[in-house]
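Asker: Predicted model and sequence follow; I will ask about them next.
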Amino acid sequence: MIDLYTDSSPNGFKATIALEELALPYRLHHIDIDQGEQPAFLALNPHGRIPVIVDHETGVTLFESAAILLYLAEKSGQLLPQATLARWEAIKWLQFHSSSIGPLLGQRVHFEMFAEAKIPAAIERYRRLTEDAFAVLDGRLATNEWLAGENYSVADIANFGWTHIAVICGFGFTHHQHLTRWHDHVALRPAVQRGISLPAPATGP
Ligand SMILES: N[C@@H](CCC(=O)N[C@@H](CS)C(=O)NCC(=O)O)C(=O)O
């Protein structure tokens, strides 16, 4: 049995989507990230961020959503291609999400939606950088159905966690037709629809 500690947020949705896709048994613990520091939770992740999983079968405790996705893929033998080229494409686009899509959209959400002081230079910077990153995904998806190539993988789940939030926040990318086609395709998957409704649907800022 896996314990999942999560909230309704882009990083959390990656874990719920993957667990739903894989139909692995798990118990969901709702951590309200707006409540501030929670000592019991800090024992699981000293950085205090969701998602976290504890796999009682193996004794593994993990934070960082990309690590969780790779762990679940390895455990199940699914969502990560076996063939060398496709496998490394999946890992590459998973890492692109971890180092670019996620952090850049996170900053854009902060400066555009939440920051009390509206700083035009910061808003403009993260609009430009997220637009550049969307264009890179669009280019990849112009010639590939999925980010790893022919098969849906953890790379799609990870990037979708953030494109889903981009849509909720009104950060449009419909001018990128391939990215839009891919996003709409992922969104239709039943496991994705369940995953983004756990522990509750995101309502946006
Ligand atoms: N790099 C981490 C980021 C985790 C993260 O920032 N999670 C957010 C929710 S999307 C969180 O827990 N925020 C609470 C806080 O910042 O205190 C991952 O991919 O898991």
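Answerer: Good, I have the coordinates. Numbering: from 1, shown residues only.
Asker: For Ala142, give its distance to Leu179.
Answerer: 9 Å (CB to CB, to the nearest Å). For the C-beta atoms, the positions are set from N, CA and C on the backbone; glycine is no exception.
Asker: what residues does this protein put near the ligand?
Answerer: Contacts of the chain with the ligand, taken as CB under 6 Å from any ligand atom, map to Ser9, Pro10, Asn11, Gly12, Ile33, Gly48, Arg49, Ile50, Glu64, Ser65.
Asker: farthest-separated two in these?
Answerer: Pro10 and Gly48 (16.5 Å; CB to CB).
Asker: neighbour count winner among the two?
Answerer: Legend: neighbour count by other CB atoms under 10 Å for Pro10 and Gly48, higher for Pro10 (23 against 16).
Asker: just checking, that one touches Ile168?
Answerer: No: using CB atoms under 8 Å, Pro10 is not in contact with Ile168; the gap is 9.3 Å.
Asker: In contact with Ala155, which residues?
Answerer: Glu89, Ala90, Ile91, Lys92, Trp93, Leu94, His97, Trp146, Leu147, Ala148 (CB atoms under 8 Å, 6 or more residues apart in numbering).
Asker: Please tell me which one of those residues counts the most neighbours.
Answerer: Going by other CB under 10 Å, His97 tops those with 29 neighbours.
Asker: Helix or strand for the residue nearest to that one when sequence neighbours are not counted, just tell me which one.
Answerer: Of all residues not flanking His97 in the chain, Ala158 sits nearest, at 4.2 Å (CB to CB, 6 or more residues apart in numbering). Ala158 belongs to helix 154-168 when assigned by DSSP states H and E.
Asker: any idea of the mean pLDDT in that helix?
Answerer: Looking at helix 154-168 alone, the average pLDDT works out to 98.
Asker: Give the buried residues for that helix.
Answerer: For helix 154-168, a neighbour-count test (16 or more other CB atoms under 10 Å) marks 154-168 as buried.
Asker: likewise stretch 24-41?
Answerer: Leu24, Tyr26, Leu28, His29, Ile31, Ile33, Phe41.
Asker: Sweet, I'm off.
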